[in-house]
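Undergrad: give the three-dimensional model of this entry:
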Amino acid sequence: MRQRLAVEDPVEITAVRVSTDAAPAGTAVLRLIGMLPAHWDCGQRIEEDRITVLVRGGVRDARERCAEALRDRALEGWVLEGSG
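TA: Residues are numbered from 1 along each chain as shown. Okay, here's the model as predicted:
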């Protein structure tokens, strides 16, 4: 009998655009994921003024690491949802 591995739900971190001068959502999500640790298993959902990064694998500090990345000038005009 095959054992089924438990799969954790991904951690969802959402950022919203607060400036019309901010990078487009597609560009912003690629920049954000590019600033996260390379070993993280990330996915994304993109809307016009909102991006959601999905981090799998039980990462505990995902929100804090995304908040840190969003302070980079390349992501100016994007903030974590609920914090701006």
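Undergrad: show me the helices in the protein, by range?
TA: 25-34, 62-69 (DSSP state H).
Undergrad: distance to Leu54, mean pLDDT and mean neighbour count added to those, as a markdown table?
TA: C-beta: built from backbone N, CA, C; applies to glycine. Shown next, in a markdown table, are these (distance: least, C-beta to C-beta, whole Å; pLDDT from 0 to 100; neighbours: other C-beta atoms under 10 Å):
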| stretch | distance to Leu54 | mean pLDDT | mean neighbour count |
| --- | --- | --- | --- |
| helix 25-34 | 10 | 97 | 18 |
| helix 62-69 | 9 | 94 | 17 |
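Undergrad: need those helices in a markdown table (columns: distance to Val53).
TA: Listed next are the helices of the chain as a markdown table, based on distance: least, C-beta to C-beta, whole Å:
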| stretch | distance to Val53 |
| --- | --- |
| helix 25-34 | 6 |
| helix 62-69 | 6 |
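Undergrad: the ones you listed: which one's closest to Arg56?
TA: Arg56 lies closest to helix 62-69 among the helices of the chain, at 9.8 Å (C-beta to C-beta).
Undergrad: closest to Glu76 out of the helices of the chain?
TA: Short answer: helix 25-34, nearest of the helices of the chain by C-beta to C-beta, at 9.9 Å.
Undergrad: what's the closest residue to Glu47 other than its chain neighbours in contact with, if anything?
TA: Nearest-residue entry for Glu47: Ala25, 6.5 Å, with adjacent residues in sequence omitted and distances by C-beta to C-beta, 6 or more residues apart in numbering. Taking C-beta atoms under 8 Å, 6 or more residues apart in numbering, we find Ala25 in contact with 17, 46-51.
Undergrad: Leu70: which of the residues you listed is nearest?
TA: Closest to Leu70, out of all of those and judged by C-beta to C-beta, is Ile51, at 10.2 Å.
Undergrad: now do the closest one, the pLDDT please.
TA: The model reports Ile51 with a pLDDT of 98.
Undergrad: ok, the one 4 residues further on next?
TA: Val55 is assigned a predicted lDDT (pLDDT) of 94.
Undergrad: show me what it bridges to in the sheet.
TA: Val11, Cys42 (DSSP bridges).
Undergrad: how about the nearest residue to Ser19, chain neighbours excluded?
TA: Nearest non-adjacent residue to Ser19 (C-beta to C-beta, 6+ apart): Gly77, at 3.3 Å.
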